[in-house]
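just coords:
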């Protein structure tokens, strides 16, 4: 599940890259969401602590909330800004929602031991 969390964060970053390629303007030269999600993915992939997958949950929630409060989030998703932006917004959402789901499952798996069946 940890690897799925990492993959979902990368998918979210790819979605932001598509938004950028589609002409969405960002406050700085490189969209900060790409950097945030990729650094987060590297951290979740490499850090040894059990709580680390929860970082994927927090990053996914952060980007999802940004989408919901953005004045152009929904209109990007409905295609008002073109097909590339619509695809980018959809890919971003799939990635960050996946990071939330997989991050929760990965964190749970890290803290709850797997019960093994006794051998006969």
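That came through fine. Remember, it's a predicted structure, so these values are computed and weren't measured experimentally.

residues contacting the residue positioned nearest the centre of the chain?
The C-alpha lying nearest the average C-alpha coordinate of the chain belongs to residue 96 (C-alpha atoms, centre = their mean; 2.8 Å). Applying C-beta atoms under 8 Å, 6 or more residues apart in numbering to residue 96 gives the contacts 8, 9, 12, 15, 37, 59, 60, 61, 63, 64, 67. In this view, the C-beta of every residue, glycine as well, is placed from N, C-alpha and C.

from those, list just the buried residues.
Burial of these was assessed by neighbour count (16 or more other C-beta atoms under 10 Å); the buried members are 8, 9, 12, 15, 37, 59, 60, 63, 64, 67.

quick one: contacts of stretch 16-29?
31-34, 37, 72, 76, 81-85, 87-89, 91-92.

can you give me the buried ones in that stretch?
The neighbour-count criterion (16+ other C-beta under 10 Å) identifies 16, 17, 18, 19, 20, 22, 24 as the buried residues of stretch 16-29.

which of those residues sits closest to residue 100?
Closest to residue 100 out of the buried residues of stretch 16-29 is residue 16 (16.1 Å), distances taken as C-beta to C-beta.

in the protein, where's the longest helix?
Ranked by residue count under DSSP state H, the longest helix found in the chain is helix 83-111.

run the chain-centre distance for that helix.
When C-alpha coordinates are averaged (C-alpha atoms, centre = their mean, to the nearest Å), helix 83-111 and its chain have centres 4 Å apart.

likewise stretch 109-120?
Here stretch 109-120 shows a centroid-to-chain-centroid distance of 29 Å under the convention C-alpha atoms, centre = their mean.

nearest residue to residue 52 other than its sequence neighbours?
Excluding its sequence neighbours, the residue lying closest to residue 52 (C-beta to C-beta, 6 or more residues apart in numbering) is residue 44, at 5.5 Å.

got a list of what that neighbour touches?
Here residue 44 is in contact with 2, 5, 6, 9, 52, 53, 55, 56, 103 (criterion: C-beta under 8 Å, 6+ apart).

many thanks, I have nothing further to ask.
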